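Novice: below are the sequence and a predicted model for it; my questions follow.
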Amino acid sequence: MKRHVLENLMTMMSKLPGFGPKSARRAVLHMVKFPHQLMLPLAEALKIVAEEVKLCSICQNIDVTPICSICHDQSRDPTILCVVESVSDLWAMERAASFKGRYHVLGGTLSAIEGRTPESLQLYKIAERLEAHPEIKEVIIATNATLEGETTAYYIVDMIRPYGPHVSHLAHGIPIGGELDYMDEGTISLAFKMRQGF
Ligand SMILES: [Zn+2]
């Protein structure tokens, strides 16, 4: 195998969240020991996910169907909508299993520095959803307790007030600067129970 082939793989791996050059090198050197048991199945799994995963057209979760399994699930409460920053936050909520309503995934927070605007985040989609679904009576804003998360939360609250839902915010037993994905399930459940009105 030509060396640059390995370097190319390590460079790609080092761009993954949680990886740097050192951990990418370790991962690649581990994988090459198991080409048939690990590398080829991994390559196949990556190909399948790359080809089949899509954004849910309703909530922007990811799934292999155009409408995700949560939006499909008729047993979930259609009167409560929880707004989260990312798919990983949604999954953290699902692991905590304390929320049985529907979601909206923002895909980021407002940031003047990073150039993320209400338009680029398509925040109007939340208003559109409230307009199309007057059965939504409560919106829980579960953005993270960072400056950008709070700024985004206030923007959304102002935008959706005219639609009249009760708006609440996850209680911040969640530490300042905390991200949902790193919380244990108990903390997330408690934050839901203690949620406060805006
Ligand atoms: Zn969905």
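Specialist: Right, received. Where do you want to start?
Novice: buried stuff in stretch 95-105?
Specialist: A96, F99, G101, R102, Y103, H104, V105 (16 or more other Cβ atoms under 10 Å). C-betas here are computed from N, CA, C, even on glycine.
Novice: anything in that stretch near the ion?
Specialist: No - against the ion, stretch 95-105 shows no contacts by Cβ under 5 Å from the ion, the least distance being 6.7 Å.
Novice: what does the average pLDDT come to for that stretch?
Specialist: The predicted model gives stretch 95-105 an average pLDDT of 92.
Novice: kindly report the same for stretch 144-157.
Specialist: Computed over stretch 144-157, the mean pLDDT rounds to 90.
Novice: with only the CA atoms kept, save that stretch in CSV.
Specialist: Extracted in CSV, the C-alpha atoms of stretch 144-157 (Å, rounded to 0.1, in the frame of the first residue of the first chain):
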residue,chain,number,x,y,z
ASN,A,144,-28.1,24.8,25.3
ALA,A,145,-27.2,27.1,28.2
THR,A,146,-24.5,29.0,26.2
LEU,A,147,-24.7,32.6,25.1
GLU,A,148,-25.6,31.6,21.5
GLY,A,149,-28.2,29.1,22.8
GLU,A,150,-29.8,31.8,24.9
THR,A,151,-29.8,34.3,22.1
THR,A,152,-31.4,31.8,19.8
ALA,A,153,-34.0,31.0,22.5
TYR,A,154,-35.1,34.6,22.9
TYR,A,155,-35.3,35.1,19.2
ILE,A,156,-37.6,32.1,18.9
VAL,A,157,-39.7,33.2,21.8
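Novice: gap between that stretch and the chain center?
Specialist: 15 Å (Cα atoms, centre = their mean, to the nearest Å).
Novice: swap in stretch 54-64?
Specialist: 11 Å.
Novice: assign a three-state SS to W91, would you?
Specialist: Following DSSP: H, G, I helix; E, B strand; the rest coil, we place W91 in the helix state.
Novice: contact partners for it?
Specialist: D181 (Cβ atoms under 8 Å, 6 or more residues apart in numbering).
Novice: tell me how far it lies from I58.
Specialist: 17 Å (Cβ to Cβ, to the nearest Å).
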